[in-house]
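*Asks:* Sharing a model prediction with you, sequence too.
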Amino acid sequence: MSGANVWALILAAGEGSRLRGLTTTPGGLSVPKQFCSLQGGPSLLEETLWRAESVTQRRRMVTVVAAQHRRWWEAPLWSAEPENVIVQPDNKGTASGLLLPLLHVMRRDPNATVVVLPSDHFVRNERVLARGLQQAARLARIDHQHVYLLGLVPEEIDPELGYILPDDRAAMAASSVRQFIEKPSIEVALDLVQDGALWNVFIVAASARALLGLYSSRYPGLVADMSRAVDRDGGDSLAATAARAVYPQLPTLDFSRDVVQGQESRLRVLTVPACGWSDLGTPRRVAETLSRITKKSNPAQDPRHTAHLSLAAQHSRQHYAN
């Protein structure tokens, strides 16, 4: 699927601080998780770019990166059009991290449909997730009123993840959202899963206007300030002079907790079967993921795209050191 107005917004500006014990080289250099690989070879960012090809073309993939990470993102994004690389001046949470590239895309294509993909996820069965992405993008192109969240069938009880409780959990069908719960206790998480709750994996599909509407209803001042900055920068996302000026004044906000939660009436959730997904958010999750998989095969890649660090090698080194 590669609809004319479908854009992928790839979020690659995070620090991955919870995984720093694994992402720090023997020389003391901390490499952000998205620029590492799980088992050697392509980085998680490069795998996300391939993942996005299930819904759009490379020329409609917009990646938001951090200014301080330039040494790592220049190689994997070397072939991207300059206007498709959005440099975030500072880390103000996932809400601003998504709003900035969204506004850049809307400046170029006000009628865009967007698919949001974090760049630090591992997926064992990409085909299952691709079908979910394609279905969500199709629904979002038709329905401009709602924001579609992908909800994955849980493979375990994890209190460090967010959960979505749908009104109807029919397989691969979209449902209204009964409740949205961020990082519940393990007891609550167990009850939620037994009641049909799904993992919230921060993968979103929506018309750009519907997604912006979530922000506008709750943080109109934030939308106004960032919209003016993007307009003043005139699409020059690399220099981003106006964005750099406004960022120190922005609040630090989490997209799931501060923007989405409480706006359930604007949401729909699409159930996606278990696909071996992990956000590799903690050393425990990395270890569990490694224990479940064999080495993935990936398309041949440009040698300039070699990942800086293998999480598997780092984990093995630490295991034997202990």
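*Replies:* Here it is on my side, so go on. Numbers count the residues shown, from 1 in each chain.

*Asks:* Got phi/psi on the most centrally placed residue in the chain?
*Replies:* Taking Cα atoms, centre = their mean, the centroid of the chain lies closest to Pro118, which sits 1.7 Å from it. Listed backbone geometry of Pro118 is phi -60, psi 150, with angles given as degrees, to the nearest 10.

*Asks:* If it is in a bridge, with which residues?
*Replies:* For Pro118, the beta-bridge partners under DSSP bridges are Leu11.

*Asks:* Hmm, it is touching Trp277, no?
*Replies:* No: distance between Pro118 and Trp277: 10.8 Å, which falls outside the contact criterion (Cβ atoms under 8 Å). For the C-beta atoms, the positions are set from N, CA and C on the backbone; glycine is no exception.

*Asks:* And for Phe180, the neighbour number?
*Replies:* Here the neighbour count serves as a burial measure; for Phe180 (other Cβ atoms under 10 Å) it reads 21.

*Asks:* so what's it up against?
*Replies:* 162-165, 200, 256, 260-262, 264, 267 (Cβ atoms under 8 Å, 6 or more residues apart in numbering).

*Asks:* again with Leu38
*Replies:* Applying Cβ under 8 Å, 6+ apart to Leu38 gives the contacts 44, 122, 280, 286, 289-290, 296, 310-312.

*Asks:* Select from those residues the one having the most neighbours.
*Replies:* Going by other Cβ under 10 Å, Leu311 tops these with 26 neighbours.

*Asks:* what's the closest non-adjacent residue to Pro159?
*Replies:* Spatial nearest neighbour of Pro159, excluding adjacent residues (Cβ to Cβ, 6 or more residues apart in numbering): Ile186 at 4.5 Å.

*Asks:* What residues of the biggest helix by length in the chain count as buried?
*Replies:* Counting by DSSP state H, the longest helix found in the chain is helix 126-142. When neighbours are counted by 16 or more other Cβ atoms under 10 Å, the buried residues of helix 126-142 are found to be 126, 128-141.

*Asks:* what's the answer for stretch 141-161, then?
*Replies:* When neighbours are counted by 16+ other Cβ under 10 Å, the buried residues of stretch 141-161 are found to be 141, 146-154, 157-158, 161.
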